[in-house]
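**Q** Quick one: sequence plus predicted model below, questions after.
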Amino acid sequence: MRIFVATIILSVFVDLYSKFLASDYLINETNLIWDFVFLKLIENPWIAFSILMPPIIIKILTIILIIWIFYYYYTDIRKLNLPLLDVAFWLIIWWAMANWYERIINEKVIDFIGVKWFSIFNLADSFITIWAIIFVLFSLSHILKKNG
């Protein structure tokens with residue numbers, strides 16, 4: 001349990017600190033892997049993948065989504081008693097809350113990692129996406145095994 005809590009605290013700190021560093025030191029676009037992966041500071045007032053929405057709608061939708069995820073987790077997924085799903089769930093929640101906190105305080109999120117032809121995002125977005133994929137695939141595979 002201590003390792004899990006330490007992982008959450010460290011990962012949220014790394015995300016917030018990386019945004020601080022990007023906002024203070026990233027002046028020009030910098031290529032990391034040719035021009036395919038690059039660093040570029042963006043203050044993103046929109047939601048995932050730069051979908052435009054008024055700030056109040058973003059805040060309300062975030063709260064609704066978090067409530068729905070908790071409900072789904074505690075009514076269905078938690079019953080599977082799989083530690084990897086617990087880890088994935090809580091990491092997703094904490095990184096989402098880190099972005100949400102930043103959005104509440106600043107009404108925008110600092111994004112700085114760019115992928116050509118895709119989007120510019122931050123570490124929390126990356127962590128959320130990776131663990132959400134793990135969460136969905138792992139829970140689906142166990143639900144299908146159980147039912148099938």
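**A** Yep, that arrived. Residues are numbered from 1 along each chain as shown.
**Q** Give the residue spans of this protein that score low on pLDDT.
**A** Residues of the chain meeting the criterion pLDDT under 70: 1, 47-51, 73, 76-77, 148.
**Q** any chance you could map the strands in it?
**A** 30-33, 37-44, 109-115, 119-121 (DSSP state E).
**Q** Tell me which of those is the most buried.
**A** With neighbours taken as mean count of other CB atoms under 10 Å, the strands of the chain reach their highest mean count in strand 109-115, at a mean of 21. In this view, the C-beta of every residue, glycine as well, is placed from N, C-alpha and C.
**Q** Any chance of CSV for the strands of the chain, columns distance to A88?
**A** Compiled in CSV, the strands of the chain are given as follows (distance: least, CB to CB, whole Å):
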stretch, distance to A88
strand 30-33, 27
strand 37-44, 24
strand 109-115, 21
strand 119-121, 19
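**Q** Which of these sits closest to I64?
**A** strand 109-115 (18.5 Å; CB to CB).
**Q** Among the strands of the chain, which comes closest to H142?
**A** Nearest of those to H142, taken as CB to CB: strand 119-121 at 29.0 Å.
**Q** just how off-centre is the closest one within its chain?
**A** Relative to its chain's centre, strand 119-121 lies at 12 Å (CA atoms, centre = their mean, to the nearest Å).
**Q** any idea how far I67 is from I60?
**A** 11 Å (CB to CB, to the nearest Å).
**Q** wait, D24
**A** Separation of D24 from I67 (CB to CB): 35 Å.
**Q** Next: E29.
**A** Applying CB to CB to E29 and I67 gives a distance of 38 Å.
**Q** higher neighbour count, the two?
**A** E29 (13 against 10; other CB atoms under 10 Å).
**Q** The more buried one is in contact with V37, isn't it?
**A** No. In this structure, E29 is not within contact of V37 by CB atoms under 8 Å, at 11.4 Å.
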